[in-house]
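> any chance you could fold what I've pasted below:
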Amino acid sequence: MMEGMDENEVSSAERTAANLKRATQYWLDKSTIHVVPRWIGFAVLLLLFFLRIYLIQGYFIVAYGLGIYLLNNFIAFLSPLEDPSHLGGGSDDDGLSLPTTAKEEKEFRPFARRLPEFKFWLACTKGTFTSIMMTFFFRF
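Numbering: from 1, shown residues only. As a prediction, the model looks like this:
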């Protein structure tokens, strides 16, 4: 341990990172109720990405990767939390039978998403922003 450094002291970089993380979380929490403006912002960001790809005429592999990532998130957004085919009892069950046990009798929620809307938006926005940043470097 270095002399003059106390264990409880945190560096300026750690303090700045914590403040930045706190500020980011604050604005994300404030944006939760504004669904339409968030999606409009994502659409603008995606449009900027496609415009950059079109003007540069390159980085098509980045665009392809972003497309796969967005499609994967969209599938997770549309998928139910519990797979209905695994809720049945027997192997010959087609999933359309009446409940026979107490576990099956509890109230069934018709559709709970595997990926909630806010997390879907956040993942898509982060992926698009990362893809835009990747187009500024020749390596990608």
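> buried residues of stretch 50-61, list them for me.
Arg52, Ile53, Tyr59 (16 or more other Cβ atoms under 10 Å). For glycine as for every other residue, the C-beta is placed from the backbone atoms N, C-alpha and C.
> oh sorry, the question was meant for stretch 120-134
Residues Phe120, Trp121, Leu122, Ala123, Cys124, Thr125, Gly127, Thr128, Ser131, Ile132, Met134 are the ones in stretch 120-134 that count as buried (16+ other Cβ under 10 Å).
> and the fifth one, what does it touch?
Residues in contact with Cys124, defined by Cβ atoms under 8 Å, 6 or more residues apart in numbering, are Phe42, Leu70, Asn73.
> longest helix in this protein, please.
helix 35-56 (DSSP state H).
> report the distance from stretch 22-42 to the chain centre.
Here the centre of stretch 22-42 is set off from its chain's centre by 13 Å, with Cα atoms, centre = their mean, to the nearest Å.
> using CSV, list the CA coordinates for it.
C-alpha atoms of stretch 22-42 as CSV (Å, rounded to 0.1, in the frame of the first residue of the first chain):
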residue,chain,number,x,y,z
ARG,A,22,-25.6,8.1,-11.4
ALA,A,23,-26.5,10.9,-13.8
THR,A,24,-27.1,8.4,-16.6
GLN,A,25,-29.4,6.3,-14.4
TYR,A,26,-31.2,9.4,-13.4
TRP,A,27,-32.0,10.4,-17.0
LEU,A,28,-32.9,6.8,-17.9
ASP,A,29,-35.4,6.7,-15.0
LYS,A,30,-36.9,10.0,-16.0
SER,A,31,-37.3,8.8,-19.6
THR,A,32,-39.2,5.6,-18.7
ILE,A,33,-42.6,7.2,-19.0
HIS,A,34,-41.9,8.9,-22.3
VAL,A,35,-42.3,5.9,-24.7
VAL,A,36,-43.0,7.8,-28.0
PRO,A,37,-40.1,10.3,-27.7
ARG,A,38,-37.7,7.5,-26.8
TRP,A,39,-38.6,5.5,-29.9
ILE,A,40,-38.5,8.6,-32.1
GLY,A,41,-35.0,9.3,-30.7
PHE,A,42,-34.0,5.7,-31.6
